[in-house]
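Engineer: With the sequence up front, the predicted model follows.
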Amino acid sequence: MTARAIDLAEKLAAFTEHWQPRVIGQFNDHDLLVVKVRGEFVWHQHPDTDDFFLVLAGRITIRLRDGDVTLGPGQLFVVPQGVEHCPVAEEEAHLLLIERRGTPNTGDRATAAPRREI
């Protein structure tokens, strides 16, 4: 095994689509993903896992039924499992996500973005 750092900027430069996360590595039984976001995602929840968001660039608001959480670069938020939420970014933002391997990004495998690895 060759040890190699993961360059987040390089990984983010490899694609342009919004709301299409890319797997960049694994940590225990979790995927490490980067994603570019812009506009509003769908309201959804993850009944069996928390949802981790770390903003690398830009700003996002995570809408929750009982109030919004706004994040800028270097800030993170964990949506507890089962809590309905809707991420929104007025301008393009870049995020690092950590999810249990195979977690659908919409909370539903039928509507989730396909898993892509880069």
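Structural biologist: Cool, got the structure.
Engineer: contacting residues for the residue most central in space within the chain?
Structural biologist: By C-alpha atoms, centre = their mean, the chain has its centre lying nearest to Leu97, at 4.0 Å. Counting by C-beta atoms under 8 Å, 6 or more residues apart in numbering, Leu97 touches Pro21, Asp31, Leu32, Leu33, Val34, Val35, Asp51, Phe52, Phe53, Leu54. Heads up, the C-betas are built off the backbone N, CA and C, glycines and all.
Engineer: Excluding chain neighbours, what is closest to Val35?
Structural biologist: Leaving aside its sequence neighbours, Val35 sits nearest to Pro21 (C-beta to C-beta, 6 or more residues apart in numbering; 4.1 Å).
Engineer: number of nearby residues for the closest residue to Gln45 other than its chain neighbours?
Structural biologist: Sequence neighbours aside, Glu84 is the residue nearest to Gln45 in space, at 4.6 Å (criterion: C-beta to C-beta, 6+ apart). By the criterion of other C-beta atoms under 10 Å, Glu84 has 14 neighbours.
Engineer: List just the nearest of the contacts of Leu97 to Thr70.
Structural biologist: Nearest to Thr70, judged by C-beta to C-beta, of the contacts of Leu97 is Phe53 at 11.4 Å.
Engineer: Look at the closest one and say how many residues are nearby.
Structural biologist: 22.
Engineer: so where does it fall, helix or strand?
Structural biologist: Phe53 is part of strand 51-57 when elements are defined by DSSP states H and E.
Engineer: Quickly note the distance from the nearest residue to Ala14 once chain neighbours are set aside to Ala5.
Structural biologist: Distances taken as C-beta to C-beta, 6+ apart place Ile118 nearest to Ala14, at 5.1 Å, with adjacent residues excluded. Distance from Ile118 to Ala5, counting by C-beta to C-beta, to the nearest Å: 15 Å.
Engineer: Could you list the low-confidence segments of this structure?
Structural biologist: 1, 104-109, 111-112, 114 (pLDDT under 70).
Engineer: Which parts of it are strands?
Structural biologist: 22-27, 30-40, 51-57, 60-64, 67-71, 76-79, 85-100, 116-117 (DSSP state E).
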